[in-house]
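*Asks:* Predicted model and sequence below, questions to follow.
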Amino acid sequence: MAFPTALENWFISDPSRIQGDILKYSRVRGRFSSLIKKGTLPDGNGFNFSTVISDRSIGTGGGWVEIEQANGSGNNCNTLTPTTVSPALTQLTYNAYQQTIFSEYICANDARRGYMFTEQVQNIRKNFVAEIVDRWEDKDMAEYIAATGRKIVLDSSLTENGYGQAIPSAAATSQITQDYLDAFYVDLIRDGAGDEPYAFTSGTPLLNLICSFEASQAIIKGSAAVREDFRFAEMGDGAGDAVYAGVWVGRGGRGIADFGFRISD
């Protein structure tokens, strides 16, 4: 079996024994993939698939007709023109993808002669596993964005693209703010997002927001009302408990990775 030429240089043999452990940089772990529903690809179903999206539709034809005094000729039945509600269906297609990832070969004899070789190999393995996680995270995010029905840029006209289209090329002129979230929340609820919400608070549907640390900080700092809700989230008792006590999800200190949101009170 052939090995890379520089394999013997992978493991540090003489670090002068000053530092008694092996140090490493940690990778930033994504959280996007864990939020996407997954399942086993069934055998025998090929490699290209489709999903049907049922949208709302409006009836055409007909209308309201005032009921009249019966004249013996069925005038209250014969004069009715039916309203026809045609289905609004969108078919999305997608393909299965695959990728093979190998680590470099590690010679056991070379590894055994390295300083604290067990820790070095463990770190190499952890980095390999983290690389796989990163690739899933990047792929899931890219495919999710590609399939998203609405892609909006925060510019003066909220430039938007739909299914199967790229993110608009228009330059954003604003960071995400609570005002934008309020407007998006109303649109989403009107489109039926409240039928299967992330959670409820006081009967109000909560919707997931996935954003970066910088974006979450911009939302908090950009709205005095949100800052106050966040600051006093642990105050009160029972019905008087915090406005956002049940809203913020998955936060650690000031590092809000993802949280539900609703219209500001």
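*Replies:* Received, thanks.
*Asks:* what are the ranges of the helices in this protein?
*Replies:* Taking DSSP state H as the test, the helices found in the chain are 75-78, 108-112, 117-147, 178-190, 213-222, 224-231.
*Asks:* State the distance from residue 139 to residue 182.
*Replies:* Distance, residue 139 to residue 182, using Cβ to Cβ, to the nearest Å: 32 Å. C-beta here means a position set from N, CA and C on the backbone, and glycine is covered the same way.
*Asks:* What of residue 90?
*Replies:* With the distance defined as Cβ to Cβ, residue 90 ends up 27 Å from residue 182.
*Asks:* Can I get the helices of the chain in TSV including mean pLDDT?
*Replies:* Written out in TSV, the entries for these read as follows (pLDDT from 0 to 100):
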stretch	mean pLDDT
helix 75-78	82
helix 108-112	80
helix 117-147	86
helix 178-190	85
helix 213-222	79
helix 224-231	61
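*Asks:* Redo those as CSV? Include mean neighbour count and distance to residue 66.
*Replies:* Formatted as CSV, the helices of the chain follow (neighbours: other Cβ atoms under 10 Å; distance: least, Cβ to Cβ, whole Å):
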stretch, mean neighbour count, distance to residue 66
helix 75-78, 11, 10
helix 108-112, 11, 90
helix 117-147, 14, 47
helix 178-190, 15, 31
helix 213-222, 16, 52
helix 224-231, 15, 49
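*Asks:* Residue 53: which of those helices is closest?
*Replies:* Judged by Cβ to Cβ, the one of the helices of the chain that comes nearest to residue 53 is helix 117-147, at 10.0 Å.
*Asks:* by contact count, what packs against that closest one?
*Replies:* strand 88-95, helix 108-112 (3 or more Cβ pairs under 8 Å, 6 or more residues apart in numbering; DSSP states H and E).
*Asks:* can you tell me which of the helices of the chain comes nearest to residue 40?
*Replies:* Closest of the helices of the chain to residue 40 is helix 117-147, at 15.2 Å (criterion: Cβ to Cβ).
*Asks:* for the nearest residue to residue 57 once chain neighbours are set aside, what are its contacts?
*Replies:* Distances taken as Cβ to Cβ, 6 or more residues apart in numbering place residue 88 nearest to residue 57, at 3.8 Å, with adjacent residues excluded. Residues in contact with residue 88 (Cβ atoms under 8 Å, 6 or more residues apart in numbering) are 54-57.
*Asks:* one more time with 10 Å, if that's ok
*Replies:* For residue 88, the set of contacting residues under the criterion of Cβ atoms under 10 Å, 6 or more residues apart in numbering consists of 53-58.
*Asks:* And residue 196, by the same measure?
*Replies:* Residues touching residue 196, when contacts are defined by Cβ under 10 Å, 6+ apart, comprise residue 205.
*Asks:* Can you give me the distance of it to residue 152?
*Replies:* Taking Cβ to Cβ as the criterion, residue 196 is separated from residue 152 by 22 Å.
*Asks:* just to revisit the earlier point, save the helices of the chain as TSV, and put in distance to residue 65 too.
*Replies:* As requested, the helices of the chain are exported to TSV (distance: least, Cβ to Cβ, whole Å):
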stretch	distance to residue 65
helix 75-78	8
helix 108-112	86
helix 117-147	44
helix 178-190	29
helix 213-222	51
helix 224-231	49
